Structures are given as C-alpha cells and as structure tokens.
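*Asks:* Sequence plus the predicted model coming up.
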Amino acid sequence: MFFVLIASGIKISAQQTDSVKEENMSIHFQQTLIGQYHPAFYAKYTGMNSLQPNAESSESLTSTLFYDTRLWKGAQFILNPEIAGGTGLSKVLGVAGALNGETYRVGNPAPDLYFGRIYLRQLFGLSKDSINIDDDLNQLQGKQPASYLSINVGKFSVEDFFDASSYSHDPRTDFFNWALMSGGAWDYPANTRGYTWGFVIELVHPAWSLRISSVMEPQVANGPNMDMNIGKAHSEIIEYGRMYKIKGKKGAFHILGFFNQAHMGSYNQTLSD
C-alpha cells in the first residue's frame with residue numbers, strides 16, 4: 001500500500017497574468033509530502049541492504065522557493081532555496097528502481113535548508129519570430145524568440161534540461177519510481193539531493209533542439225560533496241531532439257549520450273573478489 005499527499009502553494013509575479021506583458025520577477029512555492037507503507041511479507045533471503053520484510057512506513061518532505069528575476073536583455077537569475085527531510089522505505093535500499101523519487105534529495109532525515117539551484121541564464125535570439133512564454137517555475141512570462149541560443153551557468157539539476165519527458169519526469173506530479181523519472185540507463189551526475197555545478201548550452205529551433213553540457217561529479221557516488229578535481233571527475237552530456245506530427249498529433253524524438261568520469265567502483269574488481 002502506498003499513499004501520497006501533495007500540496008502546491010503560492011505564486012507572486014511582478015505583472016498580472018497576460019500572454020504579452022513581460023515579467024521582471026516571479027516567485028513560486030511548492031511543498032510536497034509523500035508517505036509510503038508496505039505490509040509484512042515473506043522473504044527467503046534478507047540482507048542488511050534488502051527491502052526489509054517487516055511492515056514499515058516512511059515519509060519525505062520537500063519545500064522549494066522558486067525565484068526568477070530578469071537582469072538585462074535575455075538574462076535571468078534563478079535561485080531556489082529548498083528544505084528537505086525524511087527518508088525512504090528501508091533507507092532507499094533493496095529495490096533497483098527506488099520507490100520514492102523525492103528521497104534522492106534527502107541526505108538527513110531531519111529537515112535541512114540548502115540552495116538547490118543558483119544559476120545565470122543568458123538567451124540570444126536567432127530569429128525575428130517570437131512565441132509567448134507563460135509564467136511558471138523558474139520561467140518568466142513574456143515573448144521569446146522562436147529560435148535561440150542559451151547559456152546556463154551555475155548550480156542546477158541536469159534533469160532540468162535533458163530527458164524531459166512530458167509524461168514521466170517529476171515525482172511530485174508523475175510516477176514516484178526513480179527509474180521512471182529519467183531514462184533508467186542514464187547515470188546522470190548529481191549530489192545526494194540531485195544537483196550539480198557546470199554549464200548547459202541549448203540551441204533551440206521550432207523543429208529541433210541540441211543541448212550539450214559539462215558538469216561536476218560527486219566525490220563518491222551520490223555523495224553530498226562535489227569533486228573539485230574536474231580534470232579527473234566530470235560528466236559530458238549531449239542530446240538531440242526532433243519534433244514531428246502524426247495525423248495532427250504532436251510528438252518528439254530524443255537521443256541522449258553521456259560520458260561520466262569519476263571515483264567509481266569497478267565491476268571487474270567486484271566480480272573477481
């Protein structure tokens with residue numbers, strides 16, 4: 001048995017809702033509480049890193065403030081202070097696709113305040129045509145060139161830019177399971193809470209998109225601290241997307257490649273021991 005309670009909160013904007021007016025500042029807030037439970041079950045084999053067979057429950061909580069402000073033409077500054085606490089079932093062990101996608105951000109069961117995102121976004125228009133952008137999380141209302149080049153530098157989640165499925169990408173609104181939040185084969189770089197430092201360059205056209213990135217890796221897998229030796233610990237990502245229509249229905253094709261270099265375990269050494 002699993003249950004969830006999600007509460008999403010306020011929005012403060014510098015302009016009234018209008019698809020033409022340009023916002024200079026936007027503030028959003030979200031709070032998500034997820035509770036999960038499983039009854040006792042029989043297990044022939046159980047280890048310290050297994051999903052425990054005794055009945056157990058767990059809760060996780062995240063609260064995020066999304067602040068976005070316009071600095072100069074094409075430039076935005078994004079700041080997201082966040083509080084997270086709680087834990088997953090069996091300390092997020094024993095299931096390959098962990099059951100609560102919010103708990104990857106939680107390093108300590110006690111609520112802790114930190115900055116999730118701190119980055120600068122500079123956009124350069126490549127066309128005279130423009131589209132209307134709605135006010136949203138880390139997004140200012142206004143007009144945006146239909147084709148553009150953007151440079152994003154600072155601290156963020158690479159999931160903000162890559163592998164952005166419209167149907168399964170956020171445990172706060174979609175599926176909880178880690179393997180359904182992003183491509184199951186993609187070992188994306190992140191600290192315990194899901195964030196990293198680096199840059200992302202986006203080249204976007206109405207019919208296609210190209211994104212490349214180079215970011216930092218943690219000192220240990222999913223650890224809280226990033227490895228400052230970027231010559232030996234880094235990750236590069238590239239993704240090409242193509243939009244299409246079939247009988248009037250919109251769709252998108254994406255192909256993603258990545259290269260991770262970091263302090264990691266060796267499969268060959270593990271299997272030989």
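*Replies:* Ah, there it is. Numbering: from 1, shown residues only.

*Asks:* which stretches of this structure form strands?
*Replies:* 2-13, 25-38, 56-70, 75-86, 112-125, 130-133, 142-145, 148-156, 196-205, 208-215, 234-246, 249-261 (DSSP state E).

*Asks:* Need the mean per-residue confidence for the fifth one.
*Replies:* What it means is strand 112-125. On average, the pLDDT along strand 112-125 is 93.

*Asks:* check contacts around Tyr148.
*Replies:* 123-127, 202, 204 (C-beta atoms under 8 Å, 6 or more residues apart in numbering). C-betas here are computed from N, CA, C, even on glycine.

*Asks:* Give me the distance between it and Phe156.
*Replies:* With the distance defined as C-beta to C-beta, to the nearest Å, Tyr148 ends up 18 Å from Phe156.

*Asks:* Per-residue pLDDT of Trp197, please?
*Replies:* 96.

*Asks:* Neighbours of it, how many?
*Replies:* By the measure other C-beta atoms under 10 Å, the count of residues near Trp197 is 17.

*Asks:* Could you do Ile230 as well?
*Replies:* 15.

*Asks:* ditto for Gly88
*Replies:* Gly88: 23 surrounding residues under other C-beta under 10 Å.

*Asks:* ok, now Phe115?
*Replies:* Counted with other C-beta under 10 Å, Phe115 comes out at 12.

*Asks:* Name the nearest residue to it, ignoring sequence neighbours.
*Replies:* Distances taken as C-beta to C-beta, 6 or more residues apart in numbering place Pro81 nearest to Phe115, at 5.6 Å, with adjacent residues excluded.

*Asks:* just to revisit the earlier point, make JSON lines from the strands of the chain and add distance to Ala185 to it.
*Replies:* Converted to JSON lines, the strands of the chain look like this (distance: least, C-beta to C-beta, whole Å):
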{"stretch": "strand 2-13", "distance to Ala185": "25"}
{"stretch": "strand 25-38", "distance to Ala185": "25"}
{"stretch": "strand 56-70", "distance to Ala185": "25"}
{"stretch": "strand 75-86", "distance to Ala185": "26"}
{"stretch": "strand 112-125", "distance to Ala185": "25"}
{"stretch": "strand 130-133", "distance to Ala185": "32"}
{"stretch": "strand 142-145", "distance to Ala185": "32"}
{"stretch": "strand 148-156", "distance to Ala185": "22"}
{"stretch": "strand 196-205", "distance to Ala185": "19"}
{"stretch": "strand 208-215", "distance to Ala185": "18"}
{"stretch": "strand 234-246", "distance to Ala185": "13"}
{"stretch": "strand 249-261", "distance to Ala185": "10"}
